[in-house]
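>>> need a 3D model of the following:
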Amino acid sequence: MGVPDRERPARGDGPRHKHERRALLHPEGDLDDRERSLLRGEGRMRKGDADAAEPQIGEGRPPHQDRSRHAGRCLMHELIEKARRSVDGAELYWKRDHTISVRYENYRLQGMTEDELSSVALRVIAGARLGATYGVNPEEPGLIEQAKQAARFGDEAGFSFAGKADYESVENYDKRSEALTSADLVALCERVKERIAEERPEIPLFIVAGATKRDLVVETTAGAAGRDTSTRVTLGFGAPIKGAGIGVYKSDASVSPLDLDPALIDEFLEWYGWTENKSTPKTGRLPIILAPEAAYLFLLPLAAGLSGEAVEKGTSPLIDKIGERIVSERLTVIDDPLRDGDPGSRPFDDEGVPCRRRPLLDAGVLTDYLTDLRTGAALGRPSTGNGLKRELFGGGTETRPNPWPVNITVEPGDTPYREMISSLDEGLLVTGGMGFHSGNYPQGEFAVQAIGFHIKNGKVVGRLDRTMISGNIYKDFKDVAAVSRERRLGLGGMLPGGPVPYILVDSLRVAGE
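Okay, the predicted model is just below:
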């Protein structure tokens, strides 16, 4: 996973995509009556007026109607049929996003945007070699010839593109989310603002909210024809801690329109209150509670070890360990792309292979690896439907598919989160970490500057200051004291996924005083 793309895109092709930003508003302060009246409409720009500064009323229907979808499918089919006559195999990937977003800074509305993004990737096998090229949409001229030219210098394919398959139904679209306007997002942000201002009017609160509709199509000459429309609504808010270089941040996401979650607001206010004092633990080993926001410290090293690419190269620490217990029996980890209502759910991967619910760790026992078409062929096994255009620090249309979890989740336990805190004589509640990328995470190791809180005598005494934590998931996570019954989407860090609980690890190495 995270290997540079060697499918050799056509020479001279830099990033190519269509990106239109349609609206930007910079009011001078809080909403006044005029701004509120403007926001009662759709809050969208007039088409063709790219420089207008105010959202317009009455731009009713959202883009990407059925007619444009049908036209797009015809374009893809025509390109695939043309490719069928000139190369050994072809795969066309087309992603279109429509996003509206709003942004607050210091309790004030600062901007509203509407974005359109369209991008295409064409991979071909010609003369048993892989070639790839990228564009804006399937009607762009020269895509096939560019990909064929790239294949002359590409790696040997070693696999075939996905064939015809049936895809499971998954509830990852809500028409109410597609119909959301900037006015709706402002209303959501205003509720967050008003609730937090009741208790902490002095903090520099920022809020961001967005709604995205995505159309994704993957079609191949071998018969795959994946088409999916999904929605995602997001909310994030937080505030920096004065003089700390960090802040407290909370987020939520859903396929459906979001409402204000009082528990999320209350936890933000509680956590921000805990930052008023600083505390540094003594160097040694201490119990650690990993918050859902910090679950990636466990899940990313695990994903690296599960990668079929690491297995094929012989670098995974999990080679020949299927059926063995590699972490605590309290931990059950599932890749669940078909979980209804999760914004990360989808019926097929970026290669058009069907996604399936797949246990990865069952009560700590390793049950499977993750493969895409390329690594599956190298290992002599089929793709598990985990070929994603994703890397550790991002990804996109021009990224070669790699084996990654689609929507990773961790099963809940039976311990209340607050009971975990009250049970500790001393320990840490870790909500994030800085410097993860510099650790040897492919071998299960991590070492970060800890962000979170110091616990003494069952109570939080302050935010962590000058504190490092480190460990190895295949050693330290064999001893897990408890898993919480509460779960939240694992939106923090570099591995977005499904719901995860708080995890209390018996001890990790701590470097402090």
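>>> so I322 sits against D362, correct?
No - applying Cβ atoms under 8 Å, one finds I322 not in contact with D362, separated by 10.9 Å. (Glycine included, C-beta is placed from N, CA and C.)
>>> who has more neighbours out of those two?
With neighbours defined as other Cβ atoms under 10 Å, I322 and D362 compare such that D362 has more, 16 against 12.
>>> next up, the contacts around the closest residue to the more buried one other than its chain neighbours.
Take D362 and drop its neighbours on the chain: the residue closest to it by Cβ to Cβ, 6 or more residues apart in numbering is T332, 5.8 Å away. By Cβ atoms under 8 Å, 6 or more residues apart in numbering, the contact list for T332 reads P359, L361, D362, A363, G364, V410, E411.
>>> so which of the residues you listed is the most crowded?
Busiest of the contacts of T332 [other Cβ under 10 Å] is V410, holding 26 neighbours.
>>> find the residue closest to it in space, skipping its chain neighbours.
V500 (4.3 Å).
>>> likewise I451?
G432 (4.1 Å).
>>> wait, that neighbour sits on A295?
No - counting by Cβ under 8 Å, G432 does not reach A295; the two are 10.2 Å apart.
>>> so for those two, which residue has more residues nearby?
Higher neighbour count among G432 and A295: A295, with 26 against 20, using other Cβ under 10 Å.
>>> my guess is that one meets L489, correct?
No - assessed by Cβ under 8 Å, A295 is found out of contact with L489, at 10.0 Å.
>>> for these two, list the residues in contact with both.
Residues touching both A295 and L489 (Cβ under 8 Å, 6+ apart) are V500.
>>> mean confidence score for the helix or strand containing the residue nearest to I451?
In the assignment (DSSP states H and E), G432 maps to strand 426-434. Across strand 426-434, pLDDT averages out at 96.
>>> what residues does it touch?
Outside strand 426-434, the residues that reach it (Cβ under 8 Å, 6+ apart) are 271, 281, 286-291, 293-294, 297, 421, 446, 448-457, 460, 464, 467, 469, 492-493, 510.
>>> name the strands paired with that strand and say parallel or antiparallel.
The pairing partners recorded for strand 426-434 under DSSP bridges are strand 284-290 (parallel), strand 445-456 (antiparallel).
>>> contacts for the shortest one next, please.
If you take Cβ under 8 Å, 6+ apart as the criterion, strand 284-290 is touched by 297-298, 417, 420-421, 424, 426-430, 455, 469, 481, 502-510.
>>> which ones among these map onto helices?
When DSSP state H is applied, the contacts of strand 284-290 are split such that L297, F298, Y417, M420, I421 fall in helices.
>>> burial check on S422, number of neighbours?
Per other Cβ under 10 Å, the neighbour tally for S422 reads 11.
>>> cool, and E391?
E391 has 18 nearby residues by other Cβ under 10 Å.
>>> where does the protein have its least confident helix or strand?
One helix or strand of the chain scores below all others by mean pLDDT, DSSP states H and E: helix 33-39, with a mean of 40.
>>> show me the domain layout of this structure.
Annotated domains of the chain cover 18-254, 277-513 [automatic domain parsing].
>>> enumerate every residue touching N106.
P204, L205, F206.
>>> please tell me how far it sits from I289.
32 Å (Cβ to Cβ, to the nearest Å).
>>> shouldn't Y134 be in contact with R400?
No - look at Y134 against R400 with Cβ under 8 Å: they stay out of range, at 11.5 Å.
>>> surely E78 is within a strand?
No - secondary structure assignment (DSSP: H, G, I helix; E, B strand; the rest coil) places E78 in helix, not in a strand.
>>> and it, what's its pLDDT?
88.
>>> okay, now it: neighbour count?
12.
>>> do you know how far the residue nearest to it when sequence neighbours are not counted is from S484?
Among residues not flanking E78 along the chain, P138 sits closest, at 7.5 Å (Cβ to Cβ, 6+ apart). For P138, the distance to S484 equals 47 Å [Cβ to Cβ].
>>> same thing with D506?
15 Å.
>>> which of these two has more neighbours?
Neighbour comparison, D506 and S484: the larger count goes to S484, with 23 against 17 (by other Cβ under 10 Å).
>>> that one pairs with what?
Beta-bridge pairing for S484 (DSSP bridges): T415.
>>> on the pLDDT front, check it for me.
So S484 comes in at 98 (pLDDT).
>>> repeat for E391
Note for E391: predicted pLDDT of 84.
>>> that one contacts E398, correct?
No - the pair E391 and E398 fails to qualify as a contact (Cβ under 8 Å) at a distance of 10.9 Å.
>>> shaky segments in the chain?
In the predicted model of the chain, residues 1-73, 491-496 satisfy pLDDT under 70.
>>> max-length strand in it?
Using DSSP state E, we find that the single longest strand of the chain is strand 108-126.
>>> ok, that strand: who's next to it in the sheet?
Going by DSSP bridges, the partners of strand 108-126 are strand 18-21 (antiparallel), strand 89-105 (antiparallel), strand 129-135 (antiparallel).
>>> that strand: how far from the chain's middle?
Distance of strand 108-126 from the chain centroid (Cα atoms, centre = their mean, to the nearest Å) equals 15 Å.
>>> same question, stretch 406-424
21 Å.
>>> what's stretch 309-325 in contact with?
In this structure, residues lying in contact with stretch 309-325 by Cβ under 8 Å, 6+ apart are 1, 3, 304-307, 326, 363-369, 374-375, 378-379, 402-403, 442-444, 474, 478.
>>> and that stretch, how far apart are its ends?
Across stretch 309-325, the terminal residues are separated by 22 Å (Cα to Cα, to the nearest Å).
>>> look up how far P359 lies from the residue nearest to D362.
Using Cβ to Cβ, T332 is found at 7 Å from P359.
>>> ok, T367 next?
Applying Cβ to Cβ to T367 and P359 gives a distance of 5 Å.
>>> G471 now?
Between G471 and P359 the computed distance is 24 Å (Cβ to Cβ).
>>> residue ranges for the strands of the stretch 351-500 of the chain, please.
Secondary structure of the stretch 351-500 of the chain (DSSP state E, counting those that start in this stretch): strands at 358-362, 365-366, 387-388, 390-391, 394-395, 402-403, 408-410, 426-434, 445-456, 459-464, 468-472, 480-489, 499-511.
>>> who wins for proximity to M76 among the ones you listed?
strand 387-388 (18.6 Å; Cβ to Cβ).
>>> quick one: strands adjacent to that closest one?
Counting by DSSP bridges, strand 387-388 is paired with strand 402-403 (antiparallel).
>>> distance between the strand it pairs with and the chain's centre?
Taking Cα atoms, centre = their mean, one finds the center of strand 402-403 at 15 Å from the center of the full chain.
>>> now do stretch 173-188
Chain-centre distance of stretch 173-188: 20 Å, with Cα atoms, centre = their mean.
>>> buried stuff in that stretch?
173-174, 177-186, 188 (16 or more other Cβ atoms under 10 Å).
>>> rebuild those residues as JSON lines, extending it with distance to R85 and secondary structure.
Converted to JSON lines, the buried residues of stretch 173-188 look like this (distance: Cβ to Cβ, whole Å; DSSP: H, G, I helix; E, B strand; the rest coil):
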{"residue": "Y173", "distance to R85": "35", "secondary structure": "coil"}
{"residue": "D174", "distance to R85": "40", "secondary structure": "coil"}
{"residue": "S177", "distance to R85": "40", "secondary structure": "helix"}
{"residue": "E178", "distance to R85": "37", "secondary structure": "helix"}
{"residue": "A179", "distance to R85": "42", "secondary structure": "coil"}
{"residue": "L180", "distance to R85": "43", "secondary structure": "coil"}
{"residue": "T181", "distance to R85": "45", "secondary structure": "coil"}
{"residue": "S182", "distance to R85": "46", "secondary structure": "helix"}
{"residue": "A183", "distance to R85": "50", "secondary structure": "helix"}
{"residue": "D184", "distance to R85": "48", "secondary structure": "helix"}
{"residue": "L185", "distance to R85": "47", "secondary structure": "helix"}
{"residue": "V186", "distance to R85": "51", "secondary structure": "helix"}
{"residue": "L188", "distance to R85": "51", "secondary structure": "helix"}
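>>> right, I'll leave it there.
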